[in-house]
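Chemist: predicted coordinates and the sequence they were generated for:
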Amino acid sequence: DTGAAAVSGAVKAKFKEKPLWWIEKGGFFEVLDLPDRQPVEYGHTTSSLVQLDYIQKLKLRFDPFFSLTGGEDVAFFQAIRDAGGKTVFARNSIVYECIGAERLTLSWWVKRWYRTGNTEGLIEVREGKQFTVLPIVFFKGILRTFLGMLGVLITFPAQLVGRVDVYNHLRIMSRGLGFIASVFGVTYEEYRDHKR
C-alpha cells in the first residue's frame with residue numbers, strides 16, 4: 001500500500017553462544033532500524049518483499065558476478081532504485097538470524113567489513129564510467145581508511161570503560177581498504193568453499 005517496488009524489514013541476531021561484549025553492545029549484527037514506511041537507500045534479502053511484476057518488467061536478476069563475494073542483494077536493490085523503484089522499511093517485519101560461533105570473532109568482523117567495502121566499491125565501479133568512477137571510489141577508500149585509522153588510535157583507550165567506538169572506527173577503516181582494493185579489481189570471495 002506504499003506503492004513501493006520493494007520492502008525491507010528488520011533483522012535481529014539470535015546468538016547460539018554468548019558473543020563478545022562489544023559485538024552485542026555495538027549491535028553489529030542488527031540490520032536496519034528505521035521508522036515504519038521510511039524510504040531506504042539499502043536493500044538486503046534477509047528480510048524483504050518484492051513486487052514480482054516490477055522485477056519481470058525490468059528483467060532484473062541477481063548478478064552472478066557477486067555469487068562468491070556476497071553483495072548481490074545490495075546490487076539487486078540498487079538496480080530497482082536506479083530504475084525509479086521505491087524501497088521502504090517495514091519496522092514490524094522482523095527476521096531472527098541465528099549466529100554461529102565462527103562469526104563471533106574480531107577476525108571474522110574485520111574480514112566482513114573489508115568485504116562489504118570491497119563489494120560496495122565493485123558495485124560503484126561496475127555501474128559507472130570507469131574513467132570518472134575509479135578516482136571517486138579510490139578517494140572514498142583513502143578517506144575512510146585514514147579517518148578510520150585516526151579514529152582507532154584516538155578511541156582505543158575508550159574500550160576499557162565499555163565503549164565500542166574503536167570497533168566502529170575499525171569498521172570504517174576496513175571498509176575503506178575494501179574500497180581501495182575494488183579500484184584495482186581485487187575481489188574478496190567470502191562465500192567460496194575453501195575445503196574443496
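Modeler: Yes, it's here. As the structure is a prediction and not an experimental result, all values here were calculated from the model. Numbering: from 1, shown residues only.
Chemist: you'd agree Gln78 is up against Ile123?
Modeler: Yes. Between Gln78 and Ile123 there is a contact under Cβ atoms under 8 Å: 6.4 Å. (Each C-beta comes from the backbone N, C-alpha and C, glycine too.)
Chemist: between these two, what contacts are shared?
Modeler: Counting by Cβ atoms under 8 Å, 6 or more residues apart in numbering, no residue touches both Gln78 and Ile123.
Chemist: mind naming the longest strand for the chain?
Modeler: Of all the segments assigned as strand in the chain under DSSP state E, the longest by residue count is strand 87-99.
Chemist: would you mind writing the CA trace of that strand as CSV?
Modeler: The C-alpha trace of strand 87-99 is given here as CSV (Å, rounded to 0.1, in the frame of the first residue of the first chain):
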residue,chain,number,x,y,z
THR,A,87,12.2,0.8,-1.3
VAL,A,88,10.6,1.3,2.1
PHE,A,89,11.2,0.0,5.6
ALA,A,90,8.7,-2.3,7.4
ARG,A,91,9.6,-1.9,11.1
ASN,A,92,7.3,-4.7,12.4
SER,A,93,8.6,-7.3,9.9
ILE,A,94,11.3,-8.9,11.9
VAL,A,95,13.5,-11.8,11.0
TYR,A,96,15.7,-13.5,13.6
GLU,A,97,19.1,-14.7,12.2
CYS,A,98,20.9,-17.5,14.1
ILE,A,99,24.6,-16.5,14.5
